[in-house]
Structure formats: C-alpha cells, structure tokens
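Peer 1: have a look at this prediction, sequence included:
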Amino acid sequence: NKFEKNIRKDQKEDNYIFPPIELLKKSSEKSSVSNQEIIKNGRIIEQTMENFGIDSKIVAINRGPVITCYELEPAPGVKLSKIVALNDNLSMSLASPDIRIEAPIPGKSAVGIEVPNKTKESVTVREIIQSSEFKRLNSNLPLALGKDVSGSIVMSSIDKMPHLLIAGATGSGKSVCINTIITSILYKSSPKDVRLLLIDPKVVELSVYNGIPHLLIPVVTDPKKAAFALNWAVGEMEKRYKLFAENSVRDLTSYNKKIEKTGNEDERLPKIVVIVDELADLMMVAQGEVEDYIARLAQMARAAGIYLIIATQRPSVDVITGTIKANIPSRIAFSVSSAIDSRTILDMAGAEKLLGKGDMLFYPGFYSKPVRIQGSFISDEEVESVVDFIIANSTIKNDFEEKINKEIEEKREKLSNDRDPLFNDALKFIVADEQASISFLQRKLKIGYSRAARIVDQMEESGILGPHEGSRPRKLLLSEEEISNLLGENNE
C-alpha cells in the first residue's frame with residue numbers, strides 16, 4: 001500500500017529500515033452497543049432533567065470506543081451548576097457509576113454527559129499509525145494518543161507541547177502511553193533526526209529498548225546516574241546555544257538548514273527526547289538537583305531541540321513540585337484516586353472520574369480545557385517484536401554512547417573530588433553535636449537541601465559517616481583525634 005511505499009523511500013534515503021506495520025496487531029473488539037440502547041439512555045437523561053425541573057434536550061450523540069457523549073442543550077436561563085449537581089442522580093437513573101459532566105463543551109452551547117459503554121472497544125497503536133492523520137503529521141516527533149469521545153483519532157507532536165508531564169495511579173495506563181509514544185517515534189523518525197535518552201529507575205519498564213539505534217546511551221536505571229544524565233542534557237543544551245550564536249541562528253531547525261546548505265551533513269544535530277518513567281524515585285535520591293535540571297531544561301531546551309516527557313505514579317506535591325509544574329505546560333492525567341491528586345496534575349478535578357486502562361485527560365498548554373481520550377494500546381510482545389526488527393536490521397553506529405558515558409563519569413568524579421568550601425565547618429558542627437543529618441547541616445550552615453545532601457555524600461565517600469539509616473542520624477565512623485588530623489590536612 002501507499003504507506004509501505006513511503007516507508008521504502010525513506011529507508012533508502014536514511015539507512016534506517018522502518019519497522020513494517022504488520023508487527024502490530026489489528027483491533028479485534030468492536031463495541032456491541034445498539035443504537036436503541038443509546039437512544040434509550042438519551043431519553044433517560046432528558047427525563048431525569050425534567051424530573052428536577054430543568055428544561056433541556058439532547059441535540060447530538062457521539063459514540064466513542066469507551067464512552068458515549070450526550071450533548072445536552074439547556075433552555076435559556078438554566079444554570080449549568082444545577083445540571084452538574086445532578087451527577088449522582090444521573091448515575092442512578094442510567095445504572096452507571098462513572099458518569100462525567102463537562103459543562104460546557106468547549107466551543108459549543110451544550111453540556112457533555114459522558115456515559116461509559118457497557119462493552120469497550122480497544123484502540124490499537126496500529127490504527128493510529130496507519131491513519132491518514134499520522135501520515136500527514138508534519139513532525140518527526142509524533143504524539144500518537146488515541147481516540148476522543150466521538151471516536152476521532154487524536155494526534156499531536158512533542159515539539160508542540162514542548163514538554164509533557166504524565167501522571168496517574170498504578171495500572172491506569174501510564175507505562176503503555178510511554179510505549180506508544182516511543183513506538184510512534186520509531187515508526188516516524190530515523191536516528192539521524194531523533195535520539196532518545198531513557199531514564200527508568202523502575203528498571204523493568206524501558207529496558208526492552210536497549211540496543212535500538214535511537215538511544216544516546218543504554219537505558220539509565222541507577223537514580224544517581226540519572227541525575228548526572230539530566231546534568232549532561234543541560235550541558236548539551238548550553239553547547240547547542242553557543243553553536244547557534246556562532247552561526248547566527250535562533251533554533252535547531254535553522255541551524256540544521258544552514259549546515260545542509262554548507263554541505264556538512266555530518267554536523268547536523270538530532271532532536272533529543274528525554275523520557276523519565278518514574279520521577280518519584282529520582283526525587284527521593286537527589287530532589288534539589290533533579291528539580292533544578294528539569295526546570296532549566298523545561299525553561300530553555302525547546303529551541304535547542306531537547307524535549308522532556310516525565311511520568312510519575314505519585315501525583316503528590318513533593319514529587320510534582322511547583323517549580324516542575326510551572327515549567328511543564330502540557331499534562332496527561334490518567335485515573336487517580338482523589339480530586340486532590342487530579343488538581344495536583346491538572347489544576348482542576350476530573351481525573352478521579354476516569355475509568356482506568358488508558359482513559360486519560362489530555363491538557364496541552366494551548367488548550368483551554370482538557371480533552372478526554374481513550375489511549376491506544378500496545379502489548380509487551382508488540383514492543384519486543386518492533387525492537388527486535390529494528391536491532392536486526394540496523395547498521396547505524398552509535399557515535400554518542402562512549403562520549404556521553406565519559407562525560408557523565410567525569411562529572412561524577414569531579415563532584416566527589418571537589419570538596420564543598422563548607423566541608424570543614426560542617427565537620428566541626430558534626431563533631432561538636434555528635435549527630436549528622438542533612439536537615440541538621442541545613443539549619444547550622446543555613447544552606448539548601450541539595451548542598452547539605454552533597455556535603456553528607458562527600459563525608460560518606462570519605463569514610464567519615466556511615467550509610468543512610470532511614471530517619472535516624474548517620475553514625476560518625478572516625479574518632480575525634482582522626483577528625484582533628486583530617487581537619488589539619490584539609491586546612492593545609
């Protein structure tokens with residue numbers, strides 16, 4: 001077919017063989033909801049409104065894969081808050097627990113009443129990738145999401161976002177969403193154009209992608225190394241801006257166009273997508289540093305062609321901090337347990353009413369309200385077969401891996417060798433009070449969390465303090481005499 005022909009053409013140009021669409025499964029389940037049932041539910045909604053003295057009528061019904069949206073037009077003078085207050089009554093009348101009311105639907109003079117279908121239709125990645133919307137998308141960073149409440153395919157691109165925060169409870173479909181985003185990139189872009197930096201402190205979620213030519217370095221699973229990987233991304237961003245200034249250009253696209261004109265194809269820079277699968281684990285290890293790096297990348301990295309996708313299953317304020325939220329404008333919320341968690345992600349309630357299994361609210365920075373989408377599904381077997389095909393057919397060498405790993409290691413060594421100027425003062429306080437903890441140093445030295453944590457880490461590496469023991473202060477491993485000698489050496 002035409003799509004396959006397009007792929008063949010790209011293959012020859014780029015030396016990257018795109019995976020064939022046959023590796024992905026076709027959708028099998030079709031909704032068995034009858035038109036009579038849908039019309040009957042519409043009548044029940046009108047009748048319920050009438051019972052409570054609200055004059056309204058159903059003007060349109062949109063049937064999606066998982067929910068059906070009834071557009072209710074209230075008579076002039078009807079307060080929308082009255083309709084919203086009838087959520088529980090509608091649930092009882094329709095014998096359906098998870099009803100969501102959108103008042104009003106953006107761009108329409110109607111209220112949306114979203115009722116779950118009794119049998120749900122699955123949305124597959126194959127449907128999205130085969131769609132005309134995917135082929136027409138003028139970006140090599142596709143965001144293949146799924147279908148909206150009317151069954152229309154929803155596509156966007158990562159460079160439009162330009163950074164994305166994904167949050168939801170366990171089992172809500174968060175990891176599947178990340179897999180669909182990565183797969184859609186693999187079907188659209190060659191490693192020459194897009195590179196990935198994957199950070200997976202959970203170890204098992206993204207390791208399957210090890211070996212694909214798009215990776216800058218193998219999937220990072222050690223949380224401490226992940227902080228250095230983010231630090232590398234900040235450094236890469238700064239290098240790119242210097243290059244842009246030297247070449248009198250403003251962004252990556254202009255830079256690459258200028259390089260192509262000069263015929264130096266090898267100097268083209270790829271876009272970089274940094275994907276973090278569990279932010280909470282990184283925040284536990286090095287909150288201050290990780291927060292700083294994410295904020296810097298989110299504020300400045302767009303023009304340098306570096307994009308962030310950050311996921312967490314703990315949508316609490318200690319993980320999704322104010323700094324991170326302020327700098328990441330686009331959000332995807334999967335089902336969460338409470339309206340408080342929903343507000344942490346979206347700044348509004350609503351995600352607690354989602355059904356789970358890929359049901360999401362998509363809220364990019366340029367939308368006025370979130371849009372409800374049933375996310376496309378990809379199984380682990382499909383991901384494996386796509387990755388196996390790419391690895392087996394790839395002849396592209398990874399020129400970045402050795403260089404980046406070397407830079408990360410150098411930064412690690414430099415940090416451990418560069419003792420903090422307050423190291424000796426901190427040691428004196430610890431000896432005087434015979435206790436050592438990050439909060440103790442913060443109070444005594446009047447410094448921030450990340451600096452106090454770094455001093456404690458340096459003391460542990462020097463063999464002065466014992467390891468972290470939960471909430472208890474760390475043990476002092478050296479005697480007073482040994483510490484006095486050490487202080488004397490440091491002063492020299």
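Peer 2: Sure thing, it's come through. Numbering: from 1, shown residues only.
Peer 1: just to check, Gly235 is in contact with Ile408?
Peer 2: No - the criterion here is CB atoms under 8 Å, and Gly235 misses it with Ile408 at 9.9 Å. Any C-beta I mention is one placed from the backbone N, CA and C, and that applies to glycine too.
Peer 1: of those two, which one has the most company?
Peer 2: Ile408 (20 against 14; other CB atoms under 10 Å).
Peer 1: the more buried one sits in which helix or strand?
Peer 2: Assessed by DSSP states H and E, Ile408 sits inside helix 401-417.
Peer 1: next SSE downstream of that helix?
Peer 2: Using DSSP H and E, the first helix or strand after helix 401-417 is helix 423-433.
Peer 1: tell me the mean pLDDT over that next one?
Peer 2: Mean per-residue pLDDT for helix 423-433: 86.
Peer 1: quick one, strands of the stretch 1-150 of the chain?
Peer 2: Listed in chain order, the strands of the stretch 1-150 of the chain (DSSP state E, counting those that start in this stretch) span 56-63, 67-74, 100-102, 111-116, 142-148.
Peer 1: point out the most buried one among those strands.
Peer 2: Among these, strand 142-148 has the highest mean neighbour count (mean count of other CB atoms under 10 Å), at a mean of 24.
Peer 1: so what strands line up beside that one?
Peer 2: Sheet pairing of strand 142-148 (DSSP bridges) gives strand 153-157 (antiparallel), strand 371-375 (antiparallel).
Peer 1: off-centre distance for the last one?
Peer 2: So that's strand 371-375. In this view, strand 371-375 has its centroid 16 Å away from the chain centroid, taken as CA atoms, centre = their mean, to the nearest Å.
Peer 1: the first one too?
Peer 2: When distances are taken as CA atoms, centre = their mean, strand 153-157 is centred 16 Å away from the chain's centroid.
Peer 1: outside of that strand, which residues touch it?
Peer 2: Applying CB atoms under 8 Å, 6 or more residues apart in numbering, the contact partners of strand 153-157 are 127-128, 131, 133-134, 137, 139, 141-148, 362, 364, 371, 373.
Peer 1: try 7 Å this time
Peer 2: Residues outside strand 153-157 that contact it (CB atoms under 7 Å, 6 or more residues apart in numbering) are 128, 131, 133-134, 137, 139, 141-148, 362, 364, 373.
Peer 1: lowest average confidence, helix or strand, in this protein?
Peer 2: Lowest by mean pLDDT, DSSP states H and E among the helices and strands of the chain is helix 2-14, with a mean of 42.
Peer 1: Ala169 and Ser342 touch, don't they?
Peer 2: No - the pair Ala169 / Ser342 is not scored as a contact, 10.8 Å apart, by CB atoms under 7 Å.
Peer 1: ok, the two, which is more surrounded?
Peer 2: Using other CB under 10 Å as the criterion, Ala169 and Ser342 rank with Ser342 on top: 25 against 20.
Peer 1: any idea which helix or strand carries the more buried one?
Peer 2: Assigned by DSSP H and E, Ser342 belongs to helix 339-346.
Peer 1: check contacts around the closest residue to Gly305 other than its chain neighbours.
Peer 2: Nearest non-adjacent residue to Gly305, counting by CB to CB, 6 or more residues apart in numbering: Leu252, 3.4 Å away. Residues counted as contacts of Leu252 (CB under 7 Å, 6+ apart) are Leu269, Lys271, Ala303, Ala304, Gly305.
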